[in-house]
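A.B. asks: Kindly return the folded structure for what I paste below:
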Amino acid sequence: MIPQRTFGRTGHKSTVTLFGAAALGRVSQADADRTVELLLEYGVNHIDTAASYGDAERLLGPWLEKHRDRFFLATKTNERDYASAKAQIHRSLERMRVEQIDLIQLHNLGHPDDWDTAMGENGALEAAREARDQGLVNYIGVTGHGLKIAAFHCRSLQAFDFDSILLPWNIQMKQNDQYASDFDRAVGLARERGLAVQVIKSLLRGPWGTTPKSRSTWYQPLEEQPDIDRAIHWVLAQGDLFLNTPGDIDLLPKVLDAASRFDGTGPSDEEMTAMVEEQTMTPLFA
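C.D. replies: Numbers count the residues shown, from 1 in each chain. As a prediction, this is how the structure comes out:
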């Protein structure tokens, strides 16, 4: 079974690895069913999906309709204005066949124009707050990608009292001094306020480039079990972080196996740096 820790101020004891349902975006119902069965086998009790993840919400519907109480359920809206975000939140509820979402997140909020619209009057944040007031969602978070997102999250946390943040973190990004500084600042703010911090891209090996794409992830992931173990244990050993599993259902068994063997310790930065050199790992964002 996978260890649990408290998901920020929500008080929910979530497994340290959250299921990243982007992996269900382009699979069959049979594959989705098999994947959820695997989650239950390992005790994973937290699902992170999004309205923009293809058919993921719809494929989760049959399971959530029967087993809603077994999962902390998070989804995301990528709309920026109030009306569109409100419609998307209600559509997510319908697709997943649930009456309530635990966490609604403003998806990939890392562009100045998007930020101004979503956070301003008649923006997506108003729709999320309204849904919370109506009891349709319990908590509100913000997510993003790229080298500027940690700084944007700092800006977002100054503007609104979000309940969680989600952003990339891996050894290659720690080697980027500016991003590492922004990451530490954003995570520091989150910890001061008791917010949950979720990380993505932690199994990054590098961009696909000219390498034939063999996984459904939009980056080339680590694939060998010892490398996956090191990457996951390195993240999870950093206190209170939650790791979202990568978007490939066939890689998931190795990820969950690694997480189930986490004993509270992980490799050092020096050991991870050595792995970067051995595996020719490269940054995803420039």
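A.B. asks: Now Arg129: closest residue in space that isn't a chain neighbour?
C.D. replies: Ile140 (6.9 Å; C-beta to C-beta, 6 or more residues apart in numbering). The C-beta positions use only the backbone N, C-alpha and C, and glycine is treated the same way.
A.B. asks: quick one: the one you found from Leu222, how far?
C.D. replies: 32 Å (C-beta to C-beta, to the nearest Å).
A.B. asks: And these two? Which one has more around it.
C.D. replies: Counted by other C-beta atoms under 10 Å, Ile140 and Leu222 do not tie: Leu222 has more neighbours, with 25 against 19.
A.B. asks: Model confidence at that one, what's the number?
C.D. replies: We have a pLDDT of 94 for Leu222.
A.B. asks: Quick check: it touching Ile228?
C.D. replies: Yes: contact criterion C-beta atoms under 8 Å: Leu222 and Ile228 qualify, at 5.4 Å.
A.B. asks: And the strands in this protein?
C.D. replies: Using DSSP state E, the strands of the chain run over residues 4-6, 13-15, 17-20, 46-48, 72-77, 101-106, 137-143, 164-168, 196-200, 204-206, 220-221, 241-244.
A.B. asks: what's the closest of those to Phe285?
C.D. replies: strand 164-168 (7.4 Å; C-beta to C-beta).
A.B. asks: what's the angle from that closest one to strand 137-143?
C.D. replies: With axes from the mean of the first three to the mean of the last three C-alpha atoms, to 10 degrees defining the directions, strand 164-168 sits at 30 degrees from strand 137-143.
A.B. asks: Tell me which residues of strand 164-168 come out buried.
C.D. replies: For strand 164-168, the neighbour count (16 or more other C-beta atoms under 10 Å) marks 164-168 as buried.
A.B. asks: any chance of the strands of the chain in JSON lines, with distance to Ser260 too?
C.D. replies: Converted to JSON lines, the strands of the chain look like this (distance: least, C-beta to C-beta, whole Å):
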{"stretch": "strand 4-6", "distance to Ser260": "12"}
{"stretch": "strand 13-15", "distance to Ser260": "10"}
{"stretch": "strand 17-20", "distance to Ser260": "9"}
{"stretch": "strand 46-48", "distance to Ser260": "15"}
{"stretch": "strand 72-77", "distance to Ser260": "19"}
{"stretch": "strand 101-106", "distance to Ser260": "23"}
{"stretch": "strand 137-143", "distance to Ser260": "26"}
{"stretch": "strand 164-168", "distance to Ser260": "23"}
{"stretch": "strand 196-200", "distance to Ser260": "18"}
{"stretch": "strand 204-206", "distance to Ser260": "22"}
{"stretch": "strand 220-221", "distance to Ser260": "19"}
{"stretch": "strand 241-244", "distance to Ser260": "13"}
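A.B. asks: Asn176 is nearest to which of these?
C.D. replies: Closest to Asn176 of the strands of the chain is strand 164-168 (C-beta to C-beta; 10.5 Å).
A.B. asks: Tell me the pLDDT of the residue most central in space within the chain.
C.D. replies: With distances taken as C-alpha atoms, centre = their mean, Asn244 lies nearest the centre of the chain, 4.4 Å away. With respect to pLDDT, Asn244 has a value of 98.
A.B. asks: Report the contact partners of it.
C.D. replies: Asn244 makes contact with 17-20, 48, 166, 198-200, according to C-beta atoms under 8 Å, 6 or more residues apart in numbering.
A.B. asks: Tell me the one of those nearest Asp182?
C.D. replies: So of the contacts of Asn244, ranked by how close each gets to Asp182 (C-beta to C-beta), first place is Val199, at 13.8 Å.
A.B. asks: mind checking how far the closest one is from Asn45?
C.D. replies: On the measure of C-beta to C-beta, Val199 and Asn45 end up 18 Å apart.
A.B. asks: So Thr61 is in contact with Ser92, correct?
C.D. replies: I think there's a mix-up here, since residue 61 is Gly and not Thr. No: using C-beta under 8 Å, Gly61 makes no contact with Ser92, being 10.3 Å away.
A.B. asks: So for the two, which residue has more residues nearby?
C.D. replies: More neighbours surround Ser92 than the other of Gly61 and Ser92, with 24 against 18 (other C-beta under 10 Å).
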